[in-house]
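Student: quick one, fold the following:
(one chain, ligands or ions: 1)
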Amino acid sequence: MSSTFQRMQEALNDAKRSASQKINEVTTTNDKILDMWPNTSDAQKKENRMTTDHGVKVHDTDHWLKAIDPTGRAGPSLLEDQIAREKIHRFDHERIPERVVHARGTGAHGYFKLHTPIPELSSAKILNDTTRNTPMFVRFSTVLGSRGSADTVRDVRGFALKFYTDEGNWDIVGNNIPVFFIQDAIKFPDVIHAGKPEPHNEVPQAQTAHNNFWDFQYLHPEATHMFFWAMSDRAIPRSYRMMQGFGVNTFSLINDKGERHFVKFIWTPELGVHSLVWDEALKLAGQDPDFHRKDLMEAIENRAYPKWKFGIQVISEADQDSFEFDIFDATKVWPEDLVPVRYIGEFTLDRNVDEFFSETEQVAFCTSHVVPGVGFSDDPLLQGRNFSYFDTQITRLGINWEQLPINRPICPVMNFNRDGALNHRIHKGTVNYWPNRFSATPDAKSSGDPAAYHEFASTLTGAKLRLNAPKFKEHFNQARLFYNSLSAIEQSHLQQALAFELDHCDDPIVYKRITERLADIDLPLAHTVAQMVGGDIPSSSTSTTNQGRKAPGLSQLDLLPTTPTIATRRIAILIADGFDLAAFTAIRAALKAEGALTFVIAPRRHMIYPSGVSRDPNSNSDSGKGVMPDHHLEGARSTMFDALFITPGAESALTLRENGRAVHWVREAFGHLKVIGALGEAVAFLQEAVLLPGVQLAIEVESKEVVKSYGVVTAWKWGALQGGEGFVGGFVGE
Ligand code: HDE
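Tutor: Coordinates of the predicted model:
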């Protein structure tokens, strides 16, 4: 893997240089990109011809047709100007409705590769043919915020996969959290209304920290497990590239013999699962609202292609009732100690979109889109989803949304669905029904093709009632299982998140009830939160005993990469005039060799001169004597980087020490528990910057590799960053 990343920097430069020439060349073997190619045009092509939408050349695109009087004074603009009218009309109608949930998102292309066929479970070709590269489109999203909201808010992240298989499109519309707030789809409008901005004032934007959200949580005990996840570090990911994904619902796999197994889909990032700390997330929401979107694009541009292992958890029909939970209840995980994950393939994202609207905004997912060999289950959330997604696309995109380039399958589409607004297909022939006198098997209603989609023939009996199965009534065991499985640091983050959120609720009934609910899960947790937010301190009698059961795979610490890496991590290198060029060059080269992205930060974005070099402060050209920084200290903030290195040099260290913004940078990075390295004279500056009276330096560090020495920082070591938990770090010493 490291060799892939070593190519990264050179590749970036090449790619940037040739980007404009490549724009209209087919540079891919990805079948989906090739499929979309005829619809792709080059807006950067040198063109002196502007036309109307009907193709007529326009000679002036800057002036509306006007009545000009003989003195040259312009009179009114004339409505008869069909060219101006067309332009304005097109603009007036540019917006389409944003998604009712998951409005804010970003996407990329990639491909899926299977390594372990599963014929015993499924007849799906994509799950059996290891020679295929199945094209994919993936869209990441937040749930509650509107399309222009910030990326780093506390929220569940959508993680929707579209596989363009040779047998039709298969969509797994997943999240980065394995469970959901509700058990039955009929409650979806309520849970979303309660989480979205409140109706009287449309406040707050993209937040769960308000009365209605928490009111709903209390009134629906089934939501408890999910809100524990939403308050955990999973809800503030460091990067889309560092999130797990889950299909959440229970699907089924059907094999050639017509046998069925129940399945959950799960995908785990090669880079491990990492999060921001809350203060970073809050600040980034203002400093760089596009932080996650840019991070994904940056990685793909740098050819540091994000990759996930794709896995399944399988339960046979015979075992479906063998668990204490109902396997069709989406508020429950299938604990990995009971149902292990089998990784059978992997997918990689290797191409950014050419145009956001046509691809990322117009892509439309449907849980009901499955391929032969994959089926549904009686999970009542999934049943409702299968209705909802198709329906919502009609409002958003119109009835012919499946003909849009990003949505259309790469295999042939053949049926007699016809017409509707914006139909793009032209069907030749005199018939529009099936079967007809021209069909190959005119007497057959269906071809009987075993490769076609066949529903699993399940038996239905019983009465029609508005009920769920009895085991759906247990709500707290898995909230406890999740909380117990977290590390101490993750638990403390969860406590702080609850304290933050409930502090934003001003209706006492809301925060008092939630602290009461917490006591059902864990008494010490309820105590801490009650103290913080003004809830009633629960007594031990209100708590069900927490038996302390844990399961693997729930803590992020279980999901660190097997081979630690700093590849794709953003590392700031601080310099000022008089810095030590040799040390700077060596450190930057070492970081790049490991695949990290380095950014030079200085008091100004103008030439910075190393020690011993004559300076020309008025020179605009890169004389080769110094280094041009990527950003100045005010323009980029420590929150945007994973780690910080302060370059030695007596004068440089002194300048930084006297620069309030530089001191703030270092203190803030320290406060966010980032790895900070310094050498030579920079060590004293670093110590001085963070050794404020009253600052507690004894951070508890969990990562084995982080050296627990907070004294003199003399060398760079990768441990904490490679661990990359986002919530450990601190000084690195020898
Ligand atoms: Fe969705 N959800 N959802 N959802 N969902 C939508 O479809 C819905 C649920 C998820 O990037 C909508 O195209 C219902 C669970 C993602 O385009 C809508 C229920 C999970 C995306 C809809 C759920 C999800 C959506 C809005 C309860 C995790 C974004 C726009 C039964 C497994 C997809 C759209 C994208 C989007 C309905 C619950 C994930 C309205 C009724 C559980 C990732 O159809």
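
Student: leaving out sequence neighbours, find the closest residue to the closest residue to the ligand within the stretch 401-550 of the chain.
Tutor: In the stretch 401-550 of the chain, the residue that lies nearest the ligand is residue 401 (9.8 Å; Cβ to the nearest ligand atom). For glycine as for every other residue, the C-beta is placed from the backbone atoms N, C-alpha and C. Nearest in space to residue 401, with sequence neighbours left out and distances taken as Cβ to Cβ, 6 or more residues apart in numbering, is residue 393 at 4.6 Å.

Student: where does that neighbour land on pLDDT?
Tutor: Per-residue confidence (pLDDT) for residue 393: 98.

Student: ok so, going back, tell me who's in contact with the residue of the stretch 401-550 of the chain closest to the ligand.
Tutor: Residue 401 makes contacts with 362, 364, 393, 394, 407, as judged by Cβ atoms under 8 Å, 6 or more residues apart in numbering.

Student: will you turn those residues into TSV that also has neighbour count?
Tutor: Formatted as TSV, those follow (neighbours: other Cβ atoms under 10 Å):
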residue	neighbour count
362	18
364	23
393	21
394	14
407	23
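
Student: ok, which of those also contact the ligand?
Tutor: Residues of the contacts of residue 401 in contact with the ligand (Cβ under 6 Å from any ligand atom): 364, 393.

Student: which among the contacts of residue 401 gets closest to residue 177?
Tutor: Among the contacts of residue 401, residue 364 lies closest to residue 177 (Cβ to Cβ), at 22.3 Å.

Student: find the nearest non-adjacent residue to that closest one, please.
Tutor: residue 393 (4.3 Å).

Student: which strand or helix spans the one you found?
Tutor: Using DSSP states H and E, residue 393 sits in helix 380-397.

Student: do the same with residue 265
Tutor: strand 260-269.

Student: now for that strand, which elements pack on it?
Tutor: Judged by 3 or more Cβ pairs under 8 Å, 6 or more residues apart in numbering; DSSP states H and E, the packing partners of strand 260-269 are strand 168-175, strand 245-246, strand 251-254, strand 307-316.

Student: check which element follows it along the chain.
Tutor: Strand 260-269 is succeeded, C-terminally, by helix 278-287 (DSSP H and E).

Student: list the buried residues in that following helix.
Tutor: Neighbour-count burial for helix 278-287 flags 278, 280, 281, 282, 283, 284, 285, 287 (criterion: 16 or more other Cβ atoms under 10 Å).

Student: filter these down to the ones close to the ligand.
Tutor: Within the buried residues of helix 278-287, nothing lies near the ligand by Cβ under 6 Å from any ligand atom.

Student: who in the stretch 251-400 of the chain is up against the ligand?
Tutor: So far as Cβ under 6 Å from any ligand atom goes, the stretch 251-400 of the chain lies against the ligand at 330, 364, 365, 381, 384, 385, 388, 389, 392, 393.

Student: closest to residue 608 among those residues?
Tutor: residue 365 (47.8 Å).

Student: touching, the closest one and residue 171? I think so.
Tutor: Yes - applying Cβ atoms under 8 Å, one finds residue 365 in contact with residue 171, separated by 4.5 Å.

Student: spit out the residues that contact the two alike.
Tutor: 160, 162.

Student: from the ligand, how far out is the nearest residue to residue 243 once chain neighbours are set aside?
Tutor: The shortest distance from residue 243 to any non-neighbouring residue, by Cβ to Cβ, 6+ apart, is to residue 176 (4.2 Å). Applying Cβ to the nearest ligand atom, to the nearest Å, the value for residue 176 to the ligand is 9 Å.

Student: quick check: phi and psi at residue 176.
Tutor: When read as degrees, to the nearest 10, the backbone of residue 176 gives phi -90, psi 10.

Student: contacting residues for it?
Tutor: Here residue 176 is in contact with 156, 157, 158, 159, 234, 237, 243, 244, 245, 246 (criterion: Cβ under 8 Å, 6+ apart).

Student: how about a cut-off of 6 Å?
Tutor: 157, 159, 243 (Cβ atoms under 6 Å, 6 or more residues apart in numbering).

Student: which residue is the nearest non-sequential neighbour of the first one?
Tutor: With sequence-adjacent residues excluded and distances taken as Cβ to Cβ, 6+ apart, residue 157 is closest to residue 176, at 4.2 Å.

Student: what is the neighbour count of residue 414?
Tutor: 7 (other Cβ atoms under 10 Å).

Student: from residue 401, how far off is it?
Tutor: Between residue 414 and residue 401 the computed distance is 18 Å (Cβ to Cβ, to the nearest Å).

Student: pLDDT score for the residue nearest the centre of the chain?
Tutor: Nearest to the geometric centre of the chain sits residue 240, at 3.5 Å (Cα atoms, centre = their mean). As summarised for this prediction, residue 240 has a pLDDT of 98.

Student: contact partners for the residue nearest to it when sequence neighbours are not counted?
Tutor: Nearest residue to residue 240 in three dimensions, chain neighbours excluded: residue 140, at 4.3 Å (Cβ to Cβ, 6+ apart). Residue 140 is in contact with 105, 106, 159, 240, counting by Cβ under 6 Å, 6+ apart.

Student: fine by me, thanks again.
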